[in-house]
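[1] What follows is a protein structure lacking sequence information:
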């Protein structure tokens, strides 16, 4: 029988209260992200519609639903899930750190760090020989800016762990789960294939691609639970095994024909009223023209461009569709040692309204000034 497991963390509340008192740019960015709604809980959201479709599949009827804090420890987010110390995802250019030990969760896989340490769950695993859970929610990562990337997005993760005496889990078992999921969303005739992938917490790992509108598209990642991760949670891999999967809100965009991730966050009723069920299809409320502005600057070549994208987001107000890198080069004689020149094109377009040149120019000027201030850049 399914249980709803809600993990509360008083430390999260105290960290949020501390951040509310701060006004530095790092705190402002994190406060803005924490203020965003979790669309897996918002009625009428394409994300909730699709994730509910998964949760309500017969094969998941007995899966627990796990809700856990948005602020987690680096140990929970990385170490327990077998993420190497030098993994790129640990860098501050990829992850939002509140302090040295706390981060905004970057993946719903962090659910394992709570579920597999829960006393009642472990008792059930010992008694019944198996435990299973789903965890939908909002996650956060620093990333590039385009129509399919946003610093907050959503995932639903599934986990099944059992004693080997009950069942030896194979990759075929995992693929059957993924096929069931894909068919429930895209229909029984969907064409699919599996490719080798790599995740720190599963081995082997696979991705599932589907043929959609004439193109192969990746829709999820999955794998058999890594033996080291089982050990990290005190489970003997000689006795236990398991599988796991993760889907993102990009699946809702593919299914419902949503071309821009910002549309998921829209409060415009012309947009929100379009989404009724899993078969809803998005129709543009109007075709607003794009306007672009280029910016060129010289910075230290060791600076990650994600730092620049964060600056853009500070002033974008969800009005920027994409930031394209259109040129980069080094010239020690011209720019100096360890310097690099970049030219980026900022594409402005709102899915809801027309933007005036005056408004765009004001945003662009703020971005230029902040780029100089934060990155010690030389504008060209």
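    Arrived safely, thanks for sending. Treat the numbers as computed from the prediction; the structure is a model and nothing was measured.

[2] Quick one: the helices in this protein, in order.
    10-20, 25-34, 46-55, 74-77, 111-115, 119-128, 171-186, 227-232, 250-256, 269-272, 305-316, 332-335, 357-375 (DSSP state H).

[3] What ranges does the stretch 201-350 of the chain have for its strands?
    202-212, 215-225, 240-248, 291-300, 320-329, 339-348 (DSSP state E, counting those that start in this stretch).

[4] Bridged to the most centrally placed residue in the chain, which residues?
    The C-alpha lying nearest the average C-alpha coordinate of the chain belongs to residue 153 (C-alpha atoms, centre = their mean; 4.5 Å). Counting by DSSP bridges, residue 153 is bridged to residue 139.

[5] Tell me if I'm right that it and residue 247 touch.
    No - Residue 153 is beyond contact range of residue 247, at 11.3 Å (criterion: C-beta atoms under 8 Å). C-beta coordinates here come from the backbone N, C-alpha and C atoms, glycine included.

[6] So what touches stretch 55-71?
    Residues outside stretch 55-71 that contact it (C-beta atoms under 8 Å, 6 or more residues apart in numbering): 1-9, 11-12, 15-16, 34, 54, 98, 102-105, 110-111, 114-115, 121, 131-138, 140, 156, 158, 177, 180-181, 184.

[7] one step back: quick check: which of the helices of the chain is nearest to residue 208?
    Closest approach to residue 208 among the helices of the chain (C-beta to C-beta): helix 171-186, 4.7 Å.

[8] Which residues does the closest one contact?
    50, 53-54, 57, 59, 158, 167, 190, 192, 194, 204, 206, 208, 210, 212, 219-220, 222-224, 243, 245, 247, 251, 255, 278.

[9] out of these, which are buried?
    Among those, those that count as buried by neighbour count (16 or more other C-beta atoms under 10 Å) are 50, 53-54, 57, 158, 192, 206, 208, 210, 219-220, 222-224, 243, 245, 247, 251, 255, 278.

[10] so residue 114 makes contact with residue 9?
    No - Residue 114 is beyond contact range of residue 9, at 9.2 Å (criterion: C-beta under 8 Å).

[11] Compare the two (neighbour count), which wins?
    A direct count of neighbours by other C-beta atoms under 10 Å for residue 114 and residue 9 places residue 114 higher, at 20 against 15.

[12] How about the contacts made by residue 149?
    Shown in contact with residue 149 (C-beta under 8 Å, 6+ apart): 143, 261.

[13] now it, which residues is it bridged with?
    residue 146.

[14] Could you do residue 197 as well?
    Under the criterion used (DSSP bridges), residue 197 bridges to residue 205.

[15] So it is in contact with residue 209, correct?
    No - between residue 197 and residue 209 there is no contact under C-beta under 8 Å: 10.4 Å.

[16] and the end-to-end length of stretch 70-77?
    Taking C-alpha to C-alpha, to the nearest Å, stretch 70-77 runs 11 Å from one end to the other.

[17] ugh, wrong one, stretch 224-235
    One end of stretch 224-235 to the other measures 14 Å (C-alpha to C-alpha).

[18] now stretch 157-177
    Start and end residues of stretch 157-177 are separated by 12 Å (C-alpha to C-alpha).

[19] List the buried residues for it?
    For stretch 157-177, the neighbour count (16+ other C-beta under 10 Å) marks 157-163, 169, 174-175, 177 as buried.

[20] now do stretch 74-84
    74, 76-78, 80-83.

[21] Would you mind measuring the gap between the ends of that stretch?
    12 Å.

[22] same deal with stretch 143-160?
    From its first residue to its last, stretch 143-160 covers 30 Å (C-alpha to C-alpha).
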